[in-house]
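Novice: Structure here, sequence nowhere to be found:
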DNA sequence: CAAAAATATATTGTGCACGACTAAATCGTG
DNA sequence: CACGATTTAGTCGTGCACAATATATTTTTG
């Protein structure tokens, strides 16, 4: 009866910070943020704001809830962020007359006009990653699987 | 002369949110945080606080600067975080008498005693990832390369 | 040795991220 | 139809994350 269901011993080697997958993800997320910053500063967006613009550029106007589902963010995060995008004149927000609970987020002309900057931004970041298409796609898919495992519960 | 140095066109397909490596990393970082939360709540730590404890458990007392280098965080982030760990009675902070600029962070008895909880925490997270050792190591190494590319410049 | 440069930490202000809560609108069932 | 449950946004409080700045302490240099 030496086996226990939980707490199977992990060797000290595996406890090192640089062996942790979670830290690799955490630190890479910060590195991405820093790589994006100088590029996004030029267009006046933060990285999360850029993500919101990406979904609007891709799919057009939609309620806050749907944006949140795609980004995995709740209203506590999105509400103030959207307010800032609105103040910057990039998006508009109106209550859906069909269902007054929902707020439909749309692109202003100024916001829609920024779409042409996607190419520059993505090219710059793509270069910074130092990954070719294939490598990037592989890593992305692995992360998506990992994320769905973590979320599963 | 149809080629341009920058702005090589990216097909619309590749602009989709779910095709972005950056978003995969960003969203996975959040997913990890959420997976850790219920586990770390029980020991009263946030995830970044847990990372600080990891480096202290691994290497013992050391100055703020060195902790920051390992976690890639600056004093603006660490100072208030360490203050909270100190108030929780897990660490101590003293100026280095050899160099009064430095603050040496050390584990209190209570903080050191928590080390035995590592196994439980790491096992729980390891299970949640749904990855075997090999898969985890591969992903981690790819991320470390990606991160060093992004940081390179 | 004194002034200047470099180093280590702390503070402040802005913007996420999230849990807990509130308010308003809609839906469902008796 | 009515009223309780659900859905959708927004607000508030806490804790990162980081740029910019401040302060104190070395270290370097003229």
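Specialist: Great, that's in hand. Quantities reported herein were computed from a predicted structural model and do not represent experimental measurements. Numbering: from 1, shown residues only, chains lettered A, B, ... in the order given.
Novice: Tell me the residues of chain A that contact DNA strand C?
Specialist: Within chain A, the residues that sit near DNA strand C (Cβ under 7 Å from any atom of the strand) are A:46-49, A:72-77, A:80-81, A:84, A:98-101. For the C-beta atoms, the positions are set from N, CA and C on the backbone; glycine is no exception.
Novice: could you pick out which of the residues you listed are near DNA strand D?
Specialist: Near DNA strand D, judged by Cβ under 7 Å from any atom of the strand, the entries from these are A:75, A:76, A:80, A:99, A:101.
Novice: Tell me which residue in chain A sits closest to DNA strand C.
Specialist: The minimum distance from chain A to DNA strand C, using Cβ to the nearest atom of the strand, falls at residue A:76 (2.6 Å).
Novice: Pull up the gap between that residue and residue A:118, please.
Specialist: The gap separating residue A:76 from residue A:118 is 28 Å, by Cβ to Cβ, to the nearest Å.
Novice: Report the buried residues of the strand with the most length in chain A.
Specialist: Ranked by number of residues, the top strand in chain A under DSSP state E is strand A:99-107. With burial defined by 16 or more other Cβ atoms under 10 Å in any protein chain shown, the residues of strand A:99-107 counted as buried are A:102, A:103, A:104, A:105, A:107.
Novice: State the number of residues packed around residue A:45.
Specialist: Using other Cβ atoms under 10 Å in any protein chain shown, residue A:45 is surrounded by 22 other residues.
Novice: brain fart, residue A:27
Specialist: As a burial measure, residue A:27 scores 25 neighbours (other Cβ under 10 Å).
Novice: coming back round to it: quick one, which of residue A:76 and residue A:118 is more surrounded?
Specialist: The residue with more neighbours, out of residue A:76 and residue A:118, is residue A:118; 18 against 9, by other Cβ under 10 Å.
Novice: quick one: contacts for the more buried one?
Specialist: Residues in contact with residue A:118 (Cβ atoms under 8 Å, 6 or more residues apart in numbering or on different chains) are A:54, A:57, B:10, B:15.
Novice: Chain B versus residue A:137, what's the distance?
Specialist: Using Cβ to the nearest Cβ, to the nearest Å, one obtains 8 Å as the distance from residue A:137 to chain B.
Novice: Which helix or which strand is home to that residue?
Specialist: Secondary structure assigned from DSSP states H and E places residue A:137 in helix A:133-152.
Novice: In a markdown table, list the buried residues of strand A:99-107 along with pLDDT and distance to residue B:66.
Specialist: Converted to a markdown table, the buried residues of strand A:99-107 look like this (pLDDT from 0 to 100; distance: Cβ to Cβ, whole Å):
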| residue | pLDDT | distance to residue B:66 |
| --- | --- | --- |
| A:102 | 97 | 50 |
| A:103 | 98 | 47 |
| A:104 | 98 | 50 |
| A:105 | 98 | 45 |
| A:107 | 98 | 46 |
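Novice: List just the nearest of the residues you listed to residue A:30.
Specialist: Comparing those against residue A:30 with Cβ to Cβ places residue A:105 closest, at 27.5 Å.
Novice: Can you get me a residue count around the closest residue to residue A:107 other than its chain neighbours?
Specialist: Leaving aside its sequence neighbours, residue A:107 sits nearest to residue A:56 (Cβ to Cβ, 6 or more residues apart in numbering or on different chains; 5.2 Å). Neighbour count of residue A:56, defined by other Cβ under 10 Å: 21.
Novice: wait, is residue A:56 part of a helix?
Specialist: Yes: Residue A:56 forms part of a helix when assessed by DSSP: H, G, I helix; E, B strand; the rest coil.
Novice: and it, what is it in contact with?
Specialist: A:62, A:67, A:91, A:105, A:106, A:107, A:111.
Novice: ok, now with 10 Å
Specialist: Taking Cβ atoms under 10 Å, 6 or more residues apart in numbering or on different chains, we find residue A:56 in contact with A:62, A:67, A:85, A:90, A:91, A:105, A:106, A:107, A:111, A:112, A:115.
Novice: Show me the shaky parts of chain A.
Specialist: For chain A, applying pLDDT under 70 flags the ranges A:1-8.
Novice: how about the strands in chain A?
Specialist: Remark: strands assigned in chain A by DSSP E are A:62-63, A:91-96, A:99-107.
Novice: hmm, the shortest one in reach of DNA strand D?
Specialist: Yes: Strand A:62-63 is in contact with DNA strand D by Cβ under 7 Å from any atom of the strand, via residue A:63.
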